[in-house]
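Participant: Kindly return the folded structure for what I paste below:
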Amino acid sequence: MFKSRSIHFKTQSKGHADQLLVSICMNELCKKAGLEDPTSLVQRDLVFLSDRIESETGVLISLSTIKRLMNGQFSRLPQIATLDAIAAAAGYQTWQHFKTSKNLEVDRSRTAKTKKSGALRALVVAGSNIRILAGALILFALIYLGLRTADRKPGPDMVSKATFSARKVTGNEIPNTVVFNYNVDSVEADSFFIQQSWDKNRRVRVFKHNHTLTDIYYEPGYHVARLIANDKIIKTVDVSIPTDRWVFYAKEGIARGQPYYIHANGAKSRSFKLTKDDLVKSGIDVQKENIFINAFFPSHMENSSDNFVLRFRIKVDELKNEPCPYLLVEVFSQRPALYFTTTPGGCTSELITRFGEKEINGKTNDLSALGSDPGNWQDLEFKVVNKNATISINGKKVFYTNYKSSCGLIAGIGFMSNGLCEVDSLHMNTIDGREIY
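Facilitator: Here you go, the predicted structure:
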């Protein structure tokens with residue numbers, strides 16, 4: 001379902017000032033990502049930056065490009081998609097927003113230096129030209145009001161007139177075509193889009209007086225589609241693509257590549273096992289770098305994601321000699337999912353967890369207690385009680401946190417790894433012991 005695009009360089013030349021701005025932006029991005037010394041980054045830091053940019057913007061920037069950006073080793077300014085991506089990951093809206101912010105900082109610094117010496121002269125000029133100043137203020141006010149009137153951002157009255165709905169074509173099958181019906185005829189904006197999910201690359205432009213768009217969902221899940229006017233989300237609609245069974249597929253990355261479905265025999269409600277033979281029979285190249293996703297999405301949802309207990313035994317069989325084999329366990333929900341990762345102790349810097357609004361990164365937090373060897377059988381428990389999350393491995397509590405924003409109803413269960421998962425004795429219950437699935 002998710003696609004990303006590689007970024008290349010423009011052919012148009014830019015000066016030293018632009019190179020300096022790129023360097024400043026990359027330094028700010030590094031600090032925001034918890035990399036305090038941008039001059040001493042190693043390969044895994046660059047991989048981390050690339051993944052972070054992709055997860056936040058949907059744009060894939062190669063490691064070689066990131067190296068050039070960090071070192072200022074380019075004679076031509078990168079294309080605007082690259083600049084927008086690094087600026088957004090650094091906390092700005094766009095590259096132009098970043099440049100404007102930096103220019104304002106320079107202007108303020110210059111103003112502060114000259115303010116004292118120029119104060120008297122400014123007063124004299126203002127006094128001798130009071131009528132000109134008054135006229136200028138009036139003109140400024142008229143221009144400001146005109147700009148406000150011409151503002152193309154959709155107002156609340158216009159937004160309320162927009163409509164947005166979705167309907168699946170087939171039942172619990174993937175791929176699944178969804179028909180979107182929308183009406184933005186009364187909304188004042190320069191452009192409109194429908195975005196299939198959180199992935200910005202799944203954004204399709206739509207137009208006034210055309211009220212239907214169809215799109216394909218290649219992966220199961222609980223998605224939130226967005227109707228966008230200019231850069232503002234004006235309507236959302238929930239799109240549930242359930243399976244009512246375990247489904248397995250391979251992808252190049254979370255936010256890139258089409259899924260390749262894996263046909264596995266013997267998958268049961270509480271256990272399953274993927275094998276190399278399953279990949280070969282499904283036409284998947286076992287030598288290719290892939291992540292493998294195992295997911296179960298029921299069509300019936302009634303249990304809160306803020307109260308549950310998930311217990312299971314699991315091991316991961318490596319396809320290659322991976323230095324850092326990992327396992328991600330996820331409880332899907334109507335809104336931000338809940339997940340954690342585990343990997344051998346020497347690789348825990350790469351771990352990440354997410355609970356509601358709270359994301360915890362192993363780069364800037366000590367997640368070493370979550371270290372374990374996925375290649376051996378592990379007994380895991382994932383428990384949430386009133387938004388208090390606890391993770392236990394082999395009977396030992398290794399992680400605790402809490403969050404504030406409810407994630408809604410439980411929408412499914414999933415496992416993701418760079419190897420093949422084998423799951424046994426899976427049970428998911430409410431806190432009082434009632435079986436969920």
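Participant: so L338 makes contact with E330?
Facilitator: Yes. L338 lies in contact with E330 (C-beta atoms under 8 Å); the separation is 7.0 Å. All C-beta atoms are positioned from the backbone trio N, CA, C, and that covers glycine.
Participant: If you count surrounding residues, which of those two has more?
Facilitator: Taking neighbours as other C-beta atoms under 10 Å, L338 and E330 compare with L338 leading, 25 against 19.
Participant: mind listing what that one touches?
Facilitator: By C-beta atoms under 8 Å, 6 or more residues apart in numbering, the contact set of L338 is 305, 330-331, 354-356, 382, 384, 389, 407.
Participant: all strands in the stretch 151-300 of the chain, in order from the N-terminus.
Facilitator: Under the criterion DSSP state E, counting those that start in this stretch, the stretch 151-300 of the chain contains strands at 163-168, 176-183, 192-195, 203-206, 212-217, 221-229, 232-241, 246-251, 260-262, 272-273, 291-296.
Participant: Same check on the stretch 1-150 of the chain?
Facilitator: 9-13, 76-78.
Participant: Check the ones you listed for me: which has the lowest mean pLDDT.
Facilitator: Across the strands of the stretch 1-150 of the chain, strand 9-13 has the smallest mean pLDDT, namely a mean of 37.
Participant: Report the two of the contacts of L338 separated the most.
Facilitator: G356 and F382 (14.2 Å; C-beta to C-beta).
Participant: the bottom helix or strand of this protein by mean pLDDT?
Facilitator: One helix or strand of the chain scores below all others by mean pLDDT, DSSP states H and E: strand 9-13, with a mean of 37.
Participant: V316 contacts G419, doesn't it?
Facilitator: Yes. In this structure, V316 is within contact of G419 by C-beta under 8 Å, at 4.1 Å.
Participant: So between those two, which is more surrounded?
Facilitator: Comparing V316 with G419 by other C-beta under 10 Å, the one with more neighbours is V316, at 25 against 20.
Participant: residue contacts, that one?
Facilitator: Contacts of V316 by C-beta under 8 Å, 6+ apart are 325, 327, 374-375, 417, 419-422.
Participant: Same check on N172?
Facilitator: Going by C-beta under 8 Å, 6+ apart, N172 touches 241-244, 299.
Participant: Farthest-apart pair in these, please.
Facilitator: The largest separation in the contacts of N172, counting by C-beta to C-beta, is between I241 and D244 at 11.2 Å.
Participant: which residues are common contacts for these two?
Facilitator: By C-beta under 8 Å, 6+ apart, the residues touching both I241 and D244 are 172, 297.
Participant: who's more crowded, those two?
Facilitator: Set I241 next to D244 and count neighbours by other C-beta under 10 Å: I241 wins out with 24 against 14.
Participant: I'd say that one and Y217 touch.
Facilitator: Yes. With contact defined as C-beta under 8 Å, I241 and Y217 form a contacting pair (5.0 Å).
Participant: Give the residues shared as contacts by the two.
Facilitator: 174, 176, 223.
Participant: Name the surrounding residues that touch stretch 416-423.
Facilitator: 254, 271-276, 278-279, 290-294, 312-319, 322, 325-328, 330, 374-375, 415.
Participant: Report the separation between the spatially closest residue to I293 that is not a sequence neighbour and A162.
Facilitator: Counting by C-beta to C-beta, 6 or more residues apart in numbering, I293 lies nearest to M416, which is 5.1 Å off, once chain neighbours are set aside. Computed with C-beta to C-beta, to the nearest Å, the distance linking M416 and A162 is 36 Å.
Participant: again with E422
Facilitator: On the measure of C-beta to C-beta, E422 and A162 end up 48 Å apart.
Participant: can you check K99 too?
Facilitator: When distance is defined by C-beta to C-beta, K99 is 33 Å away from A162.
Participant: what's the spacing between stretch 206-220 and its chain's center?
Facilitator: Centroid separation between stretch 206-220 and its chain, computed with C-alpha atoms, centre = their mean, to the nearest Å, is 21 Å.
Participant: Please, where are all the helices along the stretch 1-150 of the chain?
Facilitator: Secondary structure of the stretch 1-150 of the chain (DSSP state H, counting those that start in this stretch): helices at 16-32, 43-57, 63-71, 80-89, 95-128, 130-150.
Participant: By mean pLDDT, show me the worst of the ones you listed.
Facilitator: Out of those, helix 130-150 stands lowest, with a mean of 48 (criterion: mean pLDDT).
Participant: For burial, what's the neighbour tally of S349?
Facilitator: Other residues near S349 come to 18 when the count uses other C-beta under 10 Å.
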